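1. Sequence plus the predicted model coming up.
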Amino acid sequence: MTTSSSVASHNNLTTMSKRIAPDKMVTTIINETSYSLKVIPKNLELANLLLAFKKAYKLTDDDFELIRVCDNNDGPSSFEANTKLEFTSNSVIPVYIRFFQAKINLDNFIQFLKDNHKNYKLGNQEDDNDEFQFEIIDTEEELNLQLPGNLYIRGLLPTTKSEDLYNIFKPFGEIKSCKIIYDDFGVSKGFGFISFANRKQANDAIENLHGCNVDV
């Protein structure tokens, strides 16, 4: 006997589900036109700089998105997408900024960053060799290859093991970690996590397995 386990993104991926059969679901990834910048904000108050840019160019939260890569102590990196500008800037962990539709917003931000970054340095940093780095990400595909891909799987049978999930998901890419969550008594809570090497591989798994029976 199997249960229909739900495969979902743990990283706020944009998806749309469509029922095509009574017991099957397919997921379509919605690709939006966007222009991305990768920034390593070492010794830079990037949050305040972004707020100043947003105000200067009269942008809204719909004009851009921040994707912060999180350095987890207990596993691979994950990422969070938001427009709240809430992250630690003194870091070598990259922050990705996606500007939607209008490329002019990306161009304006790069110029704003070059012109104003010295006004947003952390503390009394004086070493110009220890400043931020940035890189333009040319395509959505390249962005997806750089971002880690973590999936949340729920509705699992109590007998499902991490090895079972690994074998089911491994055709879709390089799996960095695979685990099922257990309670204090060693009983499965019925959900788990899969971490792929990048978001493209996670998207492939979503497209193929969303709404399907993954228990064996």
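-> In hand now; what should we look at?
2. care to break this protein down by domain?
-> What the record gives for the chain is the domain set 6-31+147-209, 34-145, from automatic domain parsing.
3. now the end-to-end length of the longest one.
-> I take that to be domain 34-145. Length of domain 34-145, first residue to last, Cα to Cα, to the nearest Å: 15 Å.
4. any idea of the mean pLDDT in it?
-> Per-residue pLDDT over domain 34-145 has a mean of 73.
5. Flag every buried residue along stretch 178-195.
-> Judged by neighbour count (16 or more other Cβ atoms under 10 Å), stretch 178-195 contains these buried residues: C178, I180, S188, G190, G192, F193, I194, S195. Where you see a C-beta, it was placed from the backbone N, CA and C, and this is true even at glycine.
6. In three-state terms, how would the fifth one be classified?
-> Three-state assignment for G192 (DSSP: H, G, I helix; E, B strand; the rest coil): strand.
7. For it, give its distance to K103.
-> When distances are taken as Cβ to Cβ, to the nearest Å, G192 and K103 turn out to be 40 Å apart.
8. Please apply the same query to the third one.
-> Here the distance between S188 and K103 works out to 48 Å (Cβ to Cβ).
9. ok, now the fourth one?
-> Using Cβ to Cβ, one gets 45 Å for the distance from G190 to K103.
10. Tell me which residues touch the residue lying closest to A197 once chain neighbours are set aside, please.
-> Residue nearest to A197 in three dimensions, not counting chain neighbours: E174, with 4.0 Å by Cβ to Cβ, 6 or more residues apart in numbering. Taking Cβ atoms under 8 Å, 6 or more residues apart in numbering as the definition of contact, the neighbours of E174 are F196, A197, Q201.
11. same deal with Y166?
-> Going by Cβ under 8 Å, 6+ apart, Y166 touches I175, C178.
12. Between the buried residues of stretch 178-195, which sits nearest Q111?
-> Proximity of those to Q111, judged by Cβ to Cβ, is greatest for S195, which lies at 36.5 Å.
13. Provide the secondary structure category for the closest one.
-> strand.
14. now it: how far from L44?
-> The span separating S195 from L44 equals 28 Å under the rule Cβ to Cβ.
15. Can you name the next helix or strand after the top helix by length along the chain?
-> Longest helix in the chain, counting residues (DSSP state H): helix 103-116. Later in the chain than helix 103-116, the nearest helix or strand by DSSP states H and E is strand 133-137.
16. got the buried residues for that next one?
-> Neighbour-count burial for strand 133-137, with 16+ other Cβ under 10 Å as criterion, is recorded at F134, I137.
17. Pull the residues that contact it.
-> For strand 133-137, the surrounding residues in contact (Cβ under 8 Å, 6+ apart) are 35-40, 42, 96, 106, 110, 113, 143, 146.
18. doesn't H117 make contact with N48?
-> No - applying Cβ atoms under 8 Å, one finds N48 not in contact with H117, separated by 11.1 Å.
19. between those two, who's got more neighbours?
-> H117 (18 against 13; other Cβ atoms under 10 Å).
20. CA atoms only for stretch 181-195, dumped as CSV, please.
-> Once side chains and other backbone atoms are set aside, the C-alpha atoms of stretch 181-195 remain, and they are given as CSV (Å, rounded to 0.1, in the frame of the first residue of the first chain):
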residue,chain,number,x,y,z
ILE,A,181,12.7,13.5,10.1
TYR,A,182,12.0,11.3,13.2
ASP,A,183,10.5,12.1,16.6
ASP,A,184,12.2,11.5,20.0
PHE,A,185,11.0,7.9,19.9
GLY,A,186,12.5,7.1,16.5
VAL,A,187,9.2,7.2,14.7
SER,A,188,9.0,8.9,11.3
LYS,A,189,7.1,12.2,11.3
GLY,A,190,6.1,11.5,7.7
PHE,A,191,8.2,14.1,6.0
GLY,A,192,11.8,14.6,4.8
PHE,A,193,14.2,16.7,2.8
ILE,A,194,16.2,16.2,-0.3
SER,A,195,19.1,18.6,-1.2
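21. Many thanks, we can stop here.
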